[in-house]
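Undergrad: Task: produce atomic coordinates for the following.
(chains A, B, C and D)
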Protein chains: 2
Amino acid sequence: MTRHAQDNAGDRPVSDATLRDLAGYNIRRASNAVQADLVRTLAPFELRMITYSALVLIVDNPGLRQTQLAEALAIERSNLVVVIDDLERRELIGRNPMPTDRRAYALTATLAGTRLCRKATRAVRAHEARILSLLSEEERQVLASTLRRIEQAANDEG
Amino acid sequence: MTRHAQDNAGDRPVSDATLRDLAGYNIRRASNAVQADLVRTLAPFELRMITYSALVLIVDNPGLRQTQLAEALAIERSNLVVVIDDLERRELIGRNPMPTDRRAYALTATLAGTRLCRKATRAVRAHEARILSLLSEEERQVLASTLRRIEQAANDEG
DNA sequence: CATTGATAGTTATGAAGTATAACAGTTATG
DNA sequence: CATAACTGTTATACTTCATAACTATCAATG
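TA: Sure thing, here's the model as predicted:
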């Protein structure tokens, strides 16, 4: 594919130049690396990525329904159930009856849930500060905006 | 967590402002979206992401061993086996004996494999051109370089 | 050169993530 | 009121990913 396709019988370093030209490859590699690190950051709080994300959204959007939350997290309703079960069992959130709709639950964080969320978010921010220490504030802004445009464009393709 | 934590009993849009402040969240969302789209692009070639990536690396680095390939792809040796099995069954690559080491295989692409690789890469590039059409050439370069620095920093954390 | 330890590829297995279908209870609609 | 649609749930299967254990082979050391 690229210029230097040479015999690799010896232990030459493997060239991934073709793949490095692809944005999808670079995004995925970076995502995996950051993700793995985030998992370690959240482990002390006994939170997985999805559990943490759900908790944040519940704290920020008290009263939302599970269907809304699943959509915001871009996961299936059915897969959200165990996540909510976990958070509820640990009394970090509550499933409250909705007066207007007896099918749905209004999700709200407990005081403990709000506190844990705050602590975890501080840890995640500290972690990101280390990861992004090489980037200027402007570069971070540009990165965020670029990624959002890519996400948008990719979703529109479907 | 953020400024506007308001009751969401109605159907207000869900705010993910706290998570959007996190680079890890933005990277993951963009990665998932692009990934899903890439899967669709590769489907006509009956290639999955990992199978495609493996094929590219074999074409670009003829003669490399499976352990080298697994490391380059950042997956476990054991999980690479089925990928190589698939490519070999379809006669896109070959496991050749290594004269210097009878434990290892020298992986090489067949003519059909090289051709398929070229066609698939063209399709992926065309797909990326659509996804990235909103970005200037300079923005793409900046993105690639930024992502690589992040990947590097995150890996160094471990 | 024999023994010991490391390495390449493989297999089996389990954990985690993800997608689909079906169901009961409830709400909305014609 | 009857039908359709929606909410949360369960069951299920498929994919991805990591780990341990195994065979065959190579490398190193006494």
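
Undergrad: hey, let's count contacts and neighbours off CA atoms from now on
TA: OK.

Undergrad: The closest residue to A:Asp16 other than its chain neighbours: neighbour count?
TA: Distance criterion C-alpha to C-alpha, 6 or more residues apart in numbering or on different chains; nearest residue to A:Asp16, sequence neighbours excluded, is B:Leu57 at 6.3 Å. Each residue near B:Leu57 was counted by other C-alpha atoms under 10 Å in any protein chain shown, and the total is 26.

Undergrad: Assign B:Leu57 to helix, strand or coil.
TA: helix (DSSP: H, G, I helix; E, B strand; the rest coil).

Undergrad: how close does it get to B:Ala23?
TA: To B:Ala23, B:Leu57 is 29 Å away according to C-alpha to C-alpha, to the nearest Å.

Undergrad: and if you look at A:Arg77?
TA: 25 Å.

Undergrad: which one of those two has more residues nearby?
TA: Per other C-alpha under 10 Å, whichever of A:Arg77 and B:Ala23 has more neighbours is B:Ala23, with 23 against 15.

Undergrad: how about low-confidence regions in chain A?
TA: Applying pLDDT under 70 to chain A flags the ranges A:1-11, A:158.

Undergrad: one more time with 80, if that's ok
TA: By pLDDT under 80, the weakly predicted segments of chain A are A:1-12, A:157-158.

Undergrad: So which bits of it are right by DNA strand D?
TA: Chain A has residues A:65-68, A:77-79, A:81, A:84, A:103-106 near DNA strand D, with proximity defined as C-alpha under 7 Å from any atom of the strand.

Undergrad: Please pick the buried ones from these.
TA: By neighbour count, with 16 or more other C-alpha atoms under 10 Å in any protein chain shown, the residues of chain A next to DNA strand D hold A:65-68, A:84, A:104-106 as buried.

Undergrad: who's in contact with the spatially most central residue of chain A?
TA: Centroid-nearest residue in chain A, with C-alpha atoms, centre = their mean: A:Met49, separated by 5.9 Å. Residues in contact with A:Met49, defined by C-alpha atoms under 8 Å, 6 or more residues apart in numbering or on different chains, are A:38-39, A:42.

Undergrad: Apply 7 Å and report the result again.
TA: A:Met49 sits next to A:Val39 when contact means C-alpha atoms under 7 Å, 6 or more residues apart in numbering or on different chains.

Undergrad: just to revisit the earlier point, can you list the residues of chain A next to DNA strand D in CSV and add secondary structure and distance to A:Leu134?
TA: As requested, the residues of chain A next to DNA strand D are arranged in CSV below (DSSP: H, G, I helix; E, B strand; the rest coil; distance: C-alpha to C-alpha, whole Å):
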residue, secondary structure, distance to A:Leu134
A:Arg65, coil, 39
A:Gln66, helix, 38
A:Thr67, helix, 39
A:Gln68, helix, 36
A:Arg77, helix, 38
A:Ser78, helix, 40
A:Asn79, helix, 37
A:Val81, helix, 39
A:Ile84, helix, 37
A:Arg103, strand, 49
A:Ala104, strand, 46
A:Tyr105, strand, 44
A:Ala106, strand, 42
